[in-house]
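Colleague: Need a 3D model of the following:
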Amino acid sequence: MTSIDVPLPVAELDVLRQRRSAKWRSYPADVLPLPVAEMDFDLAPAIQHVLLDAVHRSDVGYAGPPSAVAEALAGFAAARWDWTIDPARVRLATDVGVACVEMLRILCRPGDGVVISPPVYPPFFDWLEESQATRIDAPLRQTADGAWRLDFDTLAAAFARRPVAYILCHPHNPVGRVHSADELAEVARLAQEYGVRVIADEIHSPLVLPGAKYTPFLTIPGAAEIGISLQSASKAWNLAGLKCATIVSASPTMAADVERRPADAKWRIGHLGALATVAAYTDGGEWLDALLGTLDLRRRQLGDLIADRLPDIAWTPPEASFLAWLDCRRIGTGDQPQRQFLERGRVAVEPGPNFGPPGGGWVRLNYGTSAEILIEGVRRMAAALDG
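Modeller: Have a look, this model is predicted:
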């Protein structure tokens, strides 16, 4: 996988504004929306084809047997990550959030502790509340060069409180960290020592960018005995609204936990989501490679734009995905700089506090868009600070 010189195209802004998804309907028309984790690229041709064909055939009923999705994921994982998945140990879920809540309800009684590592994807907090778990924070630490890492002293202290589970975000949203094999091994070791189940949210795994390497959690020695992996094509191929994810187990112990889900769960996925997922994993590889090259270009472009127009904002280029975690603490806008960007610049970014206590003074920006829109977004942010 290498960088490219010809990026995936993005429609003009007036065309994008005709979309009816959350990204394009959550703000007034004069606001440039860069918060929601939806990309602006057209769907991969293989996915467009399978969806149009299904509509043409009026093939929009309940999802069929899960074997096609399981086998497609197994083939993709073997080819991309050298990870052998047994399709018989793959179960389908509505989306990663629903899968996590289902598993927490199985593993936890009301009040049981569950560990998370903020700053982290905001719905993690909601999932704990929905499952009536008690939140235990083991925050990431920042290194001297500004990068974010798992803090194993903090994680060990959290595990010593005997929580039931740890929700691992890998790659980690919003900081873009791809945890190393050694770091994952330490997570598995601590989980085994303290009897903690690990729910690995690996939804961004296909989006690891040039220069980084993704190691599936369940390939780590000992991880299969205490962990499961939540996978989905929804982020990499922009399919969030189609509702299809997978729960992967790799040991009899964890498979038994997964099988405790409600029997009716298999009917809760979207049929179009399953069709699109199979197309993504089996025929969407070339498009994914082009996407990764495009995101690498955007990542470098954003770094240049920040250095030129927003020199008081610090960041560490992410190793995965299309989300930039920006440190705005030096620009004098307090804990929620996104308010000034929105009110004065008419550009929306995700507030850092939504990701937990370490997020005060930070924002998350979505750069999964065109060069022109990214330039305009940074221009508006700079104007908001100059005004």
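
Colleague: switch to C-alpha atoms for all contacts and neighbour counts from now on
Modeller: Fine.

Colleague: on contacts alone, who are the packing partners of the helix or strand that contains L92?
Modeller: Using DSSP states H and E, L92 sits within strand 90-93. Using 3 or more C-alpha pairs under 8 Å, 6 or more residues apart in numbering; DSSP states H and E, the elements in contact with strand 90-93 are strand 245-248.

Colleague: Now the helix or strand just after the strand it packs on: buried residues?
Modeller: The helix or strand immediately downstream of strand 245-248 is helix 252-258, counting by DSSP H and E. For helix 252-258, burial by neighbour count (16 or more other C-alpha atoms under 10 Å) applies to M254, A255, V258.

Colleague: Show me which of those is closest to V55.
Modeller: V258 (32.6 Å; C-alpha to C-alpha).

Colleague: I figured the closest one hits M103, correct?
Modeller: Yes - using C-alpha atoms under 8 Å, V258 is in contact with M103, at 7.0 Å.

Colleague: So this protein: which segments form each domain?
Modeller: Listed domain ranges for the chain are 13-44+285-386, 49-283 (source: automatic domain parsing).

Colleague: what about the longest one, start to end distance?
Modeller: Meaning domain 49-283. End-to-end span of domain 49-283 (C-alpha to C-alpha, to the nearest Å): 11 Å.

Colleague: One more: the shortest one?
Modeller: Terminal residues of domain 13-44+285-386 are spaced 25 Å apart (C-alpha to C-alpha).

Colleague: Just checking the distance from that domain to the centre of its chain.
Modeller: Computed by C-alpha atoms, centre = their mean, to the nearest Å, the chain-centroid distance of domain 13-44+285-386 equals 15 Å.

Colleague: tell me which residues in the longest helix belonging to the chain are buried?
Modeller: Across the chain, the helix with the greatest residue count (assigned by DSSP state H) is helix 285-309. For helix 285-309, the neighbour count (16+ other C-alpha under 10 Å) marks 285, 287-299, 301-303, 305-306, 309 as buried.

Colleague: go on, stretch 262-273?
Modeller: By 16+ other C-alpha under 10 Å, the buried positions in stretch 262-273 come out as K266, R268, I269, G270, H271, L272, G273.

Colleague: now stretch 119-127
Modeller: Buried residues in stretch 119-127 (16+ other C-alpha under 10 Å): P119, V120, Y121, P122, F124, F125, W127.

Colleague: And for stretch 143-162?
Modeller: Neighbour counts over stretch 143-162 (16+ other C-alpha under 10 Å) mark A147, W148, R149, L150, F152, T154, L155, A156, A158, F159, R162 as buried.

Colleague: which ones are touching the spatially closest residue to Q18 that is not a sequence neighbour?
Modeller: Among residues not flanking Q18 along the chain, W24 sits closest, at 7.7 Å (C-alpha to C-alpha, 6 or more residues apart in numbering). Residues counted as contacts of W24 (C-alpha atoms under 8 Å, 6 or more residues apart in numbering) are L16, R17, Q18, P33.
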